[in-house]
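Asker: Quick one: sequence and predicted model below, then my questions.
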Amino acid sequence: MSRTRISLAASIAAVVLTAVACAPQPEGPAGAAGSAGPDCTTNSPGLHKSGQLTVATDSPAYAPWFDSNTPANGKGFESAVAYAVAGKLGFGQDRVKWVVEPFAHSYAPGAKNFDFDINQISITPQRAQAVDFSTSYYKADQAVLTLDNSAFAKATSLGALKDAKIGVQVATTSYQAVLDQLKPTRQPSVFNTTNDEVNALKNGQIDAIVTDLPTVFYLAASELDNAKIVGQFGYAGGTPEEFGLLLPKGSGYTSCVNEALNALKADGTIAKLTTQWLSASANVPELKP
């Protein structure tokens, strides 16, 4: 499933809320963090539900981000990251509640029924106007997937794909990446789900799918028998997109989540999980203009 989006270093809201550092703490009474900073206990008033960490993602949830469409099993990169963040915040696995939030709804303005959403959501200034973002937990390039008998299977540059019929998923930044980098001669086709994209590719409605590189590896290995990964490309200037945890706008828990992520980066956990679940994304040729 493609969740490709334009890269930014961090969201504006997260910067504002991290003005006072917050150290994630083990379980304790509300207010234990003190009046000088946000309350990062498991009973924090910043939580959607006291004593519980409510985490959202879309359904179906695809590999390699999740496993067997079961976010709660701790398998897959984003499931593992969510539980690692929960642990730093003092929540055991039995105190993490998963809820479904459609991707395109996650960054829409309005109240949320979760503490954070993890769903390959790129940090963009437009989205940050309506929601908070954590610091980045993953950086990813775009990739092009076609069938091995396609006229575009041997393309070695972005320019060689300009006449291809490209498919992207709705509400993702893949659409803009295709327009900006591939500069196609026809508008990309937009599909509601990854399954719709795959079926369109099989049926010859499109020549190629553009989505994030790890998802391309999954589709090539599990959803298509004759797939060809043509190559990968970044955004303008070669910058990859950055995925962040999405929180309600003005969440009192954003700085707590940031501190948890920073600790997981510092102790090597994020790097270890990236290697464990996303290592197949190496050695794909880079497509230049």
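Answerer: Okay, I see it.
Asker: all helices of the stretch 51-200 of the chain, in order?
Answerer: For the stretch 51-200 of the chain, the helices defined by DSSP state H, counting those that start in this stretch cover 77-88, 103-106, 174-177, 194-202.
Asker: Out of the ones you listed, which gets the lowest mean score?
Answerer: Least confident of the helices of the stretch 51-200 of the chain, judged by mean pLDDT, is helix 174-177 with a mean of 88.
Asker: for it, packing partners?
Answerer: Counting contacts by 3 or more CB pairs under 8 Å, 6 or more residues apart in numbering; DSSP states H and E, helix 174-177 is packed against strand 208-212. In short, each C-beta sits where N, CA and C put it, glycine included.
Asker: Going along the chain, name the strands of the stretch 151-289 of the chain.
Answerer: With DSSP state E, counting those that start in this stretch, the ranges of strands along the stretch 151-289 of the chain come out as 166-169, 189-191, 208-212, 227-233, 241-248.
Asker: Could you export the helices of the stretch 51-200 of the chain as CSV, including mean neighbour count and distance to residue 165?
Answerer: Shown next, in CSV, are the helices of the stretch 51-200 of the chain (neighbours: other CB atoms under 10 Å; distance: least, CB to CB, whole Å):
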stretch, mean neighbour count, distance to residue 165
helix 77-88, 24, 30
helix 103-106, 17, 23
helix 174-177, 23, 14
helix 194-202, 19, 9
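Asker: Let me have those in JSON lines, adding distance to residue 226 as columns.
Answerer: JSON lines is the format used below for those (distance: least, CB to CB, whole Å):
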{"stretch": "helix 77-88", "distance to residue 226": "26"}
{"stretch": "helix 103-106", "distance to residue 226": "28"}
{"stretch": "helix 174-177", "distance to residue 226": "22"}
{"stretch": "helix 194-202", "distance to residue 226": "9"}
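Asker: what's the closest of these to residue 255?
Answerer: helix 77-88 (13.0 Å; CB to CB).
Asker: would you put the C-alpha positions of the closest one in PDB?
Answerer: C-alpha atoms of helix 77-88 as PDB (Å, rounded to 0.1, in the frame of the first residue of the first chain):
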ATOM      1  CA  PHE A  77       7.900  -2.300  10.800                       C
ATOM      2  CA  GLU A  78       5.200   0.200  11.900                       C
ATOM      3  CA  SER A  79       3.600  -2.200  14.400                       C
ATOM      4  CA  ALA A  80       7.000  -2.800  16.000                       C
ATOM      5  CA  VAL A  81       7.700   1.000  16.100                       C
ATOM      6  CA  ALA A  82       4.300   1.700  17.700                       C
ATOM      7  CA  TYR A  83       5.000  -0.800  20.500                       C
ATOM      8  CA  ALA A  84       8.500   0.500  20.900                       C
ATOM      9  CA  VAL A  85       7.200   4.000  21.400                       C
ATOM     10  CA  ALA A  86       4.500   2.700  23.800                       C
ATOM     11  CA  GLY A  87       7.200   1.000  25.900                       C
ATOM     12  CA  LYS A  88       9.200   4.200  26.200                       C
END
